[in-house]
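> sequence unavailable; structure follows:
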């Protein structure tokens, strides 16, 4: 994701990460400045663990972030084009290997990537997934706007064969990247994907990757789900100071707090706090969700347009029609961030 040195991009990604309800992320094409890298990572996911390939290439093109209470992550290998790690879920003790990839644009330089993946295949045990931006398509019909040659896909196909990798079942957007250019200059391609070994499909037969629409960035975000094999973490509850501005705030809180709960002092306190969450969520829903609703509506309109473009990527009218919804969503999205940052005084960033 380009532009992550900017705080507005960091806020946008922060919001996406918290809403996705996942515990392990790979961020690609970050290009952080070394002096800002650590603070940027903390801004994105406060309290998370993280690692990058910053020491292998300027800007650290790959960042791996995880919630240490959900996953144990052991980084085994890092290069300029990939990060290889072993992951253990702390609840189920399920283990699997993940290789996060960001291939170079140059075909010759990508050969190092294919060789590294083949070497990892010889040492990995159990379930294994290779995912990310390979900067290379697999088939001729996976790019629109610029022809695909047999030479540019030959090495990728060979690597999949040697590594005994297959493409994970996917849903959502087919073209996972576009250059955001107008009319006949627009190029779409399927360069982001998730490849898995046969050992992955045995314990996780229902696993699937969903590619969302690209929104304001040039790549489609990918989310892997494997049904209920690993339980999702419950979303956190945040208190927003702006709720106290509601006219009925004190009355509702007082009514909630004065209702008796039998038990020890600690049991009463925890019970009242848990009950108060419902009251505060109700206040938020009645008084403070208009900005979020408008932003979500604008995002839905943008996604509808981008879904239509996925079906008809050469349509110049649809390409032009995407501009206004994108601008509207960007404006409302920034307003939503300012709403939480300034009025709630929730410090996404310091």
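Sure, I can see it. Bear in mind the structure is a predicted one, so any value in this text is a computation, not a measurement. Numbers count the residues shown, from 1 in each chain.

> mind listing the helices for this protein?
7-20, 34-44, 107-121, 150-162, 198-201, 249-258, 265-287, 290-311, 316-321, 323-338 (DSSP state H).

> looking at these, which is nearest to residue 187?
Proximity of the helices of the chain to residue 187 was assessed by C-beta to C-beta; the nearest stretch is helix 316-321, lying at 11.3 Å. Backbone N, C-alpha and C define where each C-beta goes, glycine included.

> Provide the contact partners of stretch 96-109 at residue level.
24, 26, 28-29, 61-62, 64, 80-87, 110, 113, 117, 120, 124-136, 151-152, 155, 200 (C-beta atoms under 8 Å, 6 or more residues apart in numbering).

> run through the protein and note the low-pLDDT ranges.
Residues of the chain that meet the criterion pLDDT under 70 lie in 1-19, 30-46, 216, 227-236, 241-242, 245, 287-289, 291, 335, 338-350.

> can you give the domain ranges for it?
Listed domain ranges for the chain are 7-225, 241-287, 290-343 (source: automatic domain parsing).

> could you export the ones you listed as TSV, including mean neighbour count?
Formatted as TSV, the domains of the chain follow (neighbours: other C-beta atoms under 10 Å):
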stretch	mean neighbour count
domain 7-225	17
domain 241-287	12
domain 290-343	16
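
> which phi and psi does the residue of the chain most remote from its centre have?
The outermost residue of the chain relative to its centre, with distances by C-alpha atoms, centre = their mean, is residue 262 at 43.7 Å. The phi/psi pair for residue 262 (degrees, to the nearest 10) reads phi -80, psi 140.

> list the contacts for it?
Residue 262 is in contact with residue 268, counting by C-beta under 8 Å, 6+ apart.

> for residue 253, see how far away it is.
Look at residue 262 and residue 253: by C-beta to C-beta, to the nearest Å, they are 21 Å apart.

> could you give the bridge partners of the closest residue to residue 100 other than its chain neighbours?
The shortest distance from residue 100 to any non-neighbouring residue, by C-beta to C-beta, 6 or more residues apart in numbering, is to residue 26 (4.1 Å). Counting by DSSP bridges, residue 26 forms beta bridges with residue 64.

> could you do residue 172 as well?
Bridge pairing for residue 172 (DSSP bridges) gives the partners residue 211.

> so who does it touch?
In this structure, residue 172 makes contact with 210-213, 220, judged by C-beta under 8 Å, 6+ apart.

> try it again with 10 Å
Listed by C-beta atoms under 10 Å, 6 or more residues apart in numbering, the contact set of residue 172 reads 208-213, 220-223, 307, 310.

> could you dump these to TSV with distance to residue 322?
Listed next are these as TSV, based on distance: C-beta to C-beta, whole Å:
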residue	distance to residue 322
208	27
209	24
210	21
211	17
212	15
213	10
220	14
221	17
222	21
223	22
307	11
310	11
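
> nearest to residue 280, of those?
Of all those, residue 223 has the smallest distance to residue 280: 28.8 Å, by C-beta to C-beta.

> ok, the nearest residue to that closest one once chain neighbours are set aside - contacts?
Spatial nearest neighbour of residue 223, excluding adjacent residues (C-beta to C-beta, 6+ apart): residue 210 at 5.1 Å. Residue 210 makes contact with 169-173, 220-225, according to C-beta under 10 Å, 6+ apart.

> rerun that using 6 Å as the cut-off
171-172, 223 (C-beta atoms under 6 Å, 6 or more residues apart in numbering).

> tell me how far it lies from residue 20.
As judged by C-beta to C-beta, residue 210 and residue 20 stand 11 Å apart.

> residue 49 too?
The gap separating residue 49 from residue 20 is 17 Å, by C-beta to C-beta.

> on that earlier part again, can I get the helices of the chain in a markdown table including distance to residue 56?
Converted to a markdown table, those look like this (distance: least, C-beta to C-beta, whole Å):
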| stretch | distance to residue 56 |
| --- | --- |
| helix 7-20 | 22 |
| helix 34-44 | 13 |
| helix 107-121 | 11 |
| helix 150-162 | 20 |
| helix 198-201 | 26 |
| helix 249-258 | 52 |
| helix 265-287 | 44 |
| helix 290-311 | 34 |
| helix 316-321 | 37 |
| helix 323-338 | 33 |
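
> figure out which of the ones you listed is closest to residue 186.
Per C-beta to C-beta, nearest to residue 186 of those: helix 316-321, 5.5 Å.

> what's the closest one packed up against?
helix 290-311 (3 or more C-beta pairs under 6 Å, 6 or more residues apart in numbering; DSSP states H and E).

> contacting residues for the residue lying closest to residue 306 once chain neighbours are set aside?
Using C-beta to C-beta, 6+ apart and skipping residues adjacent in sequence, the residue nearest residue 306 is residue 213, 4.2 Å away. The contact partners of residue 213, taken as C-beta under 6 Å, 6+ apart, are 173, 303, 306.

> can you redo those residues as CSV with distance to residue 318?
CSV is the format used below for the contacts of residue 213 (distance: C-beta to C-beta, whole Å):
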residue, distance to residue 318
173, 14
303, 13
306, 9
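
> many thanks, have a good one.
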